[in-house]
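K.L.:
After the sequence you'll find the predicted model.
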Amino acid sequence: MDRSLVQMRWRCLLAVILFSSLFSCSPTTQDLYNKAERLIDKKEYAKAIEIYNKIIRKNPGFQDAHYNKAWCYLQDSNFSKALDHFEYILRMKGIKDDSTQFIIEWNADSPFASEKDKRQIPVDEIYYQIAITKYHMDSLPVAYRGFQRCITKDYLKSDCLIWQGLTWVKAGENTKACELFSKAKYLSNDADAYIRDYCQ
């Protein structure tokens with residue numbers, strides 16, 4: 001057999017082995033989520049965002065990757081980017097503005113749910129995070145209304161009352177804030193620290 005033919009076959013075999021090993025070593029989507037969570041635990045939000053970008057490139061319809069990316073921007077005080085990404089998730093759900101009345105959310109526990117369905121974020125959670133973001137951007141009336149929307153939907157009611165109280169604190173109205181902290185106290189002990197700090 002010709003020596004050059006043997007060398008060519010060995011090169012092809014080596015290329016196949018190298019390609020296979022590279023492909024098998026690429027991290028799974030779950031590996032990437034785990035890596036991002038470890039980075040968040042270390043408060044390395046910019047690095048976590050890079051990982052979520054990789055997930056989004058592979059799976060653009062995974063709402064939780066977009067949500068986690070937005071949350072990282074929020075923790076890193078990049079409020080405008082956080083807001084953009086939270087609002088993007090609403091658009092993914094077909095919500096163009098506050099007048100949207102009908103929203104379909106798939107049951108993630110259904111045996112027919114796809115991986116994309118399982119990675120949805122509840123719409124109330126997105127509105128809650130948008131309200132927090134608006135609070136940090138000093139859009140206090142908008143934040144207040146956002147928290148009120150969540151209260152009306154009975155979503156994280158105690159937390160929302162506390163946040164509404166904090167909007168009044170920022171506005172210099174501690175009396176109104178304390179009324180809301182007192183309401184929150186009936187639902188949870190989380191309000192105790194705020195009552196101690198602002199209402200004594």
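P.N.:
That came through fine. Numbers count the residues shown, from 1 in each chain.

K.L.:
Count the neighbours of the closest residue to Ile162 other than its chain neighbours for me.
P.N.:
Residue nearest to Ile162 in three dimensions, not counting chain neighbours: Ala184, with 5.0 Å by Cβ to Cβ, 6 or more residues apart in numbering. To be clear about C-beta, it is placed using only N, CA and C from the backbone, and glycine gets the same treatment. Other residues near Ala184 come to 24 when the count uses other Cβ atoms under 10 Å.

K.L.:
For the strand or helix carrying Ala184, which helices and strands make contact with it?
P.N.:
Assigned by DSSP states H and E, Ala184 belongs to helix 174-187. Judged by 3 or more Cβ pairs under 8 Å, 6 or more residues apart in numbering; DSSP states H and E, the packing partners of helix 174-187 are helix 157-170, helix 192-198.

K.L.:
Return the set of buried residues in that helix.
P.N.:
177-181, 183-185 (16 or more other Cβ atoms under 10 Å).

K.L.:
which residues are contacting that helix?
P.N.:
The set of residues external to helix 174-187 that reach it, using Cβ atoms under 8 Å, 6 or more residues apart in numbering, is 157-159, 161-162, 164-169, 190-192, 194-195, 198-199.

K.L.:
What subset of the residues you listed is buried?
P.N.:
Buried members of the contacts of helix 174-187, counted by 16+ other Cβ under 10 Å: 157-159, 161-162, 164-169, 191, 194-195, 198.

K.L.:
re earlier: now the residue nearest to Ile162: how far from Leu166?
P.N.:
Relative to Leu166, Ala184 is positioned 11 Å away (Cβ to Cβ, to the nearest Å).

K.L.:
Need the overlap of contacts for these two.
P.N.:
Tyr194.

K.L.:
rewinding a little: go through the buried residues of helix 174-187 and say which is closest to Lys118.
P.N.:
Ala184 (32.3 Å; Cβ to Cβ).

K.L.:
now the helices for the protein?
P.N.:
For the chain, the helices defined by DSSP state H occupy 3-25, 29-41, 45-58, 63-75, 79-92, 115-118, 123-136, 140-152, 157-170, 174-187, 192-198.

K.L.:
Good, we can wrap up now.
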